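Colleague: here's my sequence, what's the structure:
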Amino acid sequence: MSKEIFLKGYTEKVNKNYSSLEYYFNDDLIFLSALNIAKYEIINCLMIEQYNASITLTNHMVERMLKLALIEKITNGLKISEKDIKELEKTLSEASNLYDAEVMSQSIKLVFEEGLISEEEKSYLDKVIRDNIRNGFSHAEMEKINKGKVDQIEMYSFKFTEVQKSLNEGSPIPKKQIKVSTKAPFLQSEIQKMKAEEIAFPYFKSIYTIAKNIDRRLDTKKEYYE
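Modeller: Numbers count the residues shown, from 1 in each chain. I've put the predicted structure just below:
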């Protein structure tokens, strides 16, 4: 495929998707500013409709958001300055040791206990995101990704020689209807592709909303949020 075809395709996608993503390009997190890099990468994936990649990056953003929230809660008020640098380094090291290796379920619990997420956000992260989306896509658990799908779909089987004969004779093409299990890898991939296209943007939006809420709750001095 030529570079010109790629450029044409990307240009069409940017023109199509930019308006829905513009807010996220222009908005930034403050206390969770370390998430901004991941946010931009996710937006770029959404812009060119790389939905599976977007979901994978959003999974990373979720877990990083929870750990950063806990670290920021401890280090809040300490700055990179001559006065605070030693205390900041000590506190960062302690916080990293405490939270860096935590599993997601425990991170959710701790962030909730610190008052940084609501009961509703806790339930959403634990029951909807962690189990259905994060585990499904991160661990390639197709039954979770394709949850709710039918067990079989109807397809048509053709024989090439019969198709060619029918075309030559101008007669109807013979076809046989068969049922194929949706566990077939090629069908699982197609179902995953459709599922990713459906959920990628809403998933990112929901996580960014929670990140903004955490950012506001970390602003104890109300310097940036009123």
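Colleague: name the nearest residue to H60, ignoring sequence neighbours.
Modeller: Spatial nearest neighbour of H60, excluding adjacent residues (Cβ to Cβ, 6 or more residues apart in numbering): A38 at 6.2 Å. (Each C-beta comes from the backbone N, C-alpha and C, glycine too.)
Colleague: the one you found reaches V62, doesn't it?
Modeller: No: between A38 and V62 there is no contact under Cβ atoms under 8 Å: 9.8 Å.
Colleague: what comes up buried for the longest helix seen in the chain?
Modeller: The single longest helix within the chain, with elements called by DSSP state H, is helix 185-218. Neighbour-count burial for helix 185-218 flags 187-188, 191-192, 195-196, 199-201, 203-208, 210-211, 214-215, 217-218 (criterion: 16 or more other Cβ atoms under 10 Å).
Colleague: just to revisit the earlier point, who has more neighbours out of A38 and V62?
Modeller: V62 (25 against 17; other Cβ atoms under 10 Å).
Colleague: helix 185-218 and the helix or strand hosting A38, what's the angle between them?
Modeller: Using DSSP states H and E, A38 maps to helix 36-47. Between helix 36-47 and helix 185-218, the angle comes out at 140 degrees (axes from the mean of the first three to the mean of the last three Cα atoms, to 10 degrees).
Colleague: quick one on the thing from earlier: what about the residue nearest to H60, distance to L46?
Modeller: Separation of A38 from L46 (Cβ to Cβ, to the nearest Å): 13 Å.
Colleague: just to revisit the earlier point, quick check: mean pLDDT across the longest helix of the chain?
Modeller: Taken as a whole, helix 185-218 has an average pLDDT of 88.
Colleague: before we move on, what about stretch 54-74?
Modeller: 93.
Colleague: do stretch 35-44 as well
Modeller: Per-residue scores along stretch 35-44 average to 96.
Colleague: list the contacts of that stretch.
Modeller: Where contact means Cβ atoms under 8 Å, 6 or more residues apart in numbering, the residues beyond stretch 35-44 that reach it are 21, 24-25, 28-29, 54, 57-58, 60-61, 64-65, 68, 204, 208, 211.
Colleague: buried stuff in that stretch?
Modeller: With burial defined by 16+ other Cβ under 10 Å, the residues of stretch 35-44 counted as buried are 35, 38-39, 41-44.
Colleague: right, and S107 touches L66 too?
Modeller: Yes: if you go by Cβ under 8 Å, S107 and L66 touch, sitting 3.9 Å apart.
Colleague: so for the two, which sits in the more crowded spot?
Modeller: Neighbours were counted for S107 and for L66 using other Cβ under 10 Å; L66 has more, 26 against 21.
Colleague: could you look up the SS state of the more buried one?
Modeller: Assigned by DSSP: H, G, I helix; E, B strand; the rest coil, the conformation of L66 is helix.
Colleague: contact partners for it?
Modeller: Applying Cβ under 8 Å, 6+ apart, we find L66 in contact with 104, 107-108, 110-111, 125.
Colleague: and the two most separated of those?
Modeller: L110 and L125 (12.0 Å; Cβ to Cβ).
Colleague: and the two? Which one has more around it.
Modeller: Between L110 and L125, counted using other Cβ under 10 Å, the more crowded position is L125 (24 against 18).
Colleague: list phi and psi for that one.
Modeller: Backbone dihedrals for L125, given as degrees, to the nearest 10, come out at phi -60, psi -40.
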